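K.L.:
please work out how this folds:
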Amino acid sequence: MNKILIALISVALVTGCTGKQTPKDTHDHEAHEACQSHDDHDHAAEGHNHEAEGHDHERENLDHQHEGKAGHPAGEIVFTKEQAAETDFALHKVEPTTFYEVIPASGQILAAQGDEATVVATVSGVVSFSSKKLSEGASVSRGENLFYISSKNIAEGDYTARTRAAFAQAKAAYERAEELVKDKIISQSEYEQAKLNYQNAKTAQEAVANKTTAKGTGVGAPIGGFIKNIAVSEGQFVEVGQLLATISQNRRLKLKAEVSQRYHGALPTISSANFKTSYDDKTYSLKDLGGRLVSVGKASDGASAYIPVTFEFDNKGGIVSGSFVEVFLISSPKPNTLTVPVTALIEEQGNYSVFVQIDEDGYRKQEVKLGASDGKNIQILAGLEPGDNVVSRGAYRVKMASFSGAIPHGHQH
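P.N.:
Now for the predicted structure:
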C-alpha cells in the first residue's frame, strides 16, 4: 500500500510541473514544494543565460569601438605617412597673416605694345604656305619665308614680270629726263616726276627681286616669335598689302581687367593682381611674373558698365595671348587674417571643409566659413584656430581614406 501511494505522488508531481490537469486529491504540499523548487531552478538558469547574453553585447560593442588601426579613437581618419608619400601631399600651418581685400573681375590676356608684327602680301596673286607645319603657335625666325605668292596664270599677268618691266621703263624715262632737263627741253617738275616714278619702281623691283622662286614671291617674317594667327587660307587670292598673319614675340603680355563700376571707389588702392586661366585651371600671380600696373581707367567708355584696369607682365611660359581669364585684383591690406590655400578646401553640396591633423597619422574633418579669395589663398572666418595643421595638397586622398574606414556594422538576435 505504501508503495502504491508513493507511485501516485510521483506521477502527480510530474504532471503538475508540466502544467497538465491532475485529480485534485493528488495535489499536496509536497508536490507544490517540489514544483516550486523546479521552477526556481529553471528561472535561475534563464537569468544566467540573460547575463551571458548581456555580457556578449558589451563585448561586441567594445569590439566595434576598437575597430580600425590600434591607438586611434573612433571618428578619426587614419591616413598614414606611407599613404601620404604615394601622392602629392602637403600640410599648411594656420597662422595670422596679412591678407588683402580682393576685387573680382573678368579679363583678357593681350600682347604688349611692340611685341607683335604683321605679315602682309608684297605682291598680288595666289598664296601658298611655305610648309605644311605652318600653323598658329608655330615658332618662326626673322626673315624666314612663311608664304609664297604666285601671280602666274591670272588675268592681270605675272606680277613679278610686270614689276620688272615697269622698273626698266621707269629707269629709261628717268635717264632720258636727266638729259632733257639739262637742255631745258622739259621743266624741272617733269624731271622730278620722272625721278619719283623711277624710285617707286626700283623699290617695288627690289621687294621681289631676291625673293622670286619657282613657287612665287616669298614673304618672310619681319620678327622672330610665334605665329599668333593666320589670316588667309592656302590657294586664296590676295592683294598687295593684304594681311597674311600676325607674329607675336610673346615676351611681354598685358592683362586687361574689366571692373564693375560698383568698385570705382576702391580702384586707387589696387596694386597688383592674380588671374586664373580656363585652359589649365592654374592661378598666376603678377608679383611672380614681374608684373606692374600700367593704367586705371577713370570711367567706363559709355558703351560698357565696366572700367578697364591694365597690367603688363613677363610671359614665363604657358600663358596664351588672347585668352579670357578670371581676375583677382589685389587691394587694401588686412592684417591678422587666417587663411588657407584654396587647394585645401573640400566642397560638398555648397558646404566647405578642410582636414585638420590631430596626430601623426590621424585627421578630422572640419567645416569652415569662408571669406574672400585671391585665387591662391582664401580667408577663413570661422572653423579654424591659429596653429592648426591643415592638409593643403592631397585633401581628396584623405577624403577617400575616410570612406574606406566607414564600414557599417549590424547585429541580429
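K.L.:
lowest confidence element among the helices and strands of the protein?
P.N.:
Among the helical and strand segments of the chain, the one scoring lowest on mean pLDDT, DSSP states H and E is helix 29-65, with a mean of 44.
K.L.:
what is Tyr352 paired to in the beta sheet?
P.N.:
Residues found in beta-bridge contact with Tyr352 (criterion: DSSP bridges) are Glu347.
K.L.:
one more: Val120?
P.N.:
In this structure, Val120 has beta-bridge partners Leu243, where bridges are defined by DSSP bridges.
K.L.:
run a quick neighbour tally on it.
P.N.:
The tally of other residues near Val120 (other Cβ atoms under 10 Å) stands at 16. Bear in mind the C-beta positions are built from the backbone N, C-alpha and C, glycine included.
K.L.:
likewise the one 3 residues further on?
P.N.:
As a burial measure, the neighbour count of Val123 was computed by other Cβ under 10 Å and equals 24.
K.L.:
quick one: it is in a strand?
P.N.:
No: the assignment for Val123 by DSSP: H, G, I helix; E, B strand; the rest coil gives coil, which leaves it out of any strand.
K.L.:
my read: it touches Lys152, true?
P.N.:
No: the criterion here is Cβ atoms under 8 Å, and Val123 misses it with Lys152 at 11.4 Å.
K.L.:
can you check which residues contact both of the two?
P.N.:
When contacts are counted by Cβ atoms under 8 Å, 6 or more residues apart in numbering, Val123 and Lys152 are jointly contacted by Gly216.
K.L.:
would you map the strands across the stretch 51-200 of the chain?
P.N.:
Assigned strands in the stretch 51-200 of the chain, in chain order: 77-78, 90-93, 97-111, 116-120, 125-129, 139-140, 145-150 (criterion: DSSP state E, counting those that start in this stretch).
K.L.:
just checking, what packs against the longest one?
P.N.:
Packed against strand 97-111 by the contact rule (3 or more Cβ pairs under 8 Å, 6 or more residues apart in numbering; DSSP states H and E) you find strand 252-260, strand 324-337, strand 369-373.
K.L.:
try 6 Å
P.N.:
With contacts taken as 3 or more Cβ pairs under 6 Å, 6 or more residues apart in numbering; DSSP states H and E, strand 97-111 sits against strand 252-260, strand 324-337.
K.L.:
switch these over to a markdown table; also include distance to Tyr352 and mean neighbour count.
P.N.:
What follows is these, written out as a markdown table (distance: least, Cβ to Cβ, whole Å; neighbours: other Cβ atoms under 10 Å):
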| stretch | distance to Tyr352 | mean neighbour count |
| --- | --- | --- |
| strand 252-260 | 25 | 20 |
| strand 324-337 | 17 | 18 |
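K.L.:
compare those strands and give me the one nearest Ala273.
P.N.:
Ala273 sits nearest to strand 324-337 of all those, at 5.0 Å, using Cβ to Cβ.
K.L.:
that closest one: partners in the sheet, and parallel or antiparallel?
P.N.:
With DSSP bridges as the test, strand 324-337 is paired with strand 97-111 (antiparallel), strand 272-277 (antiparallel).
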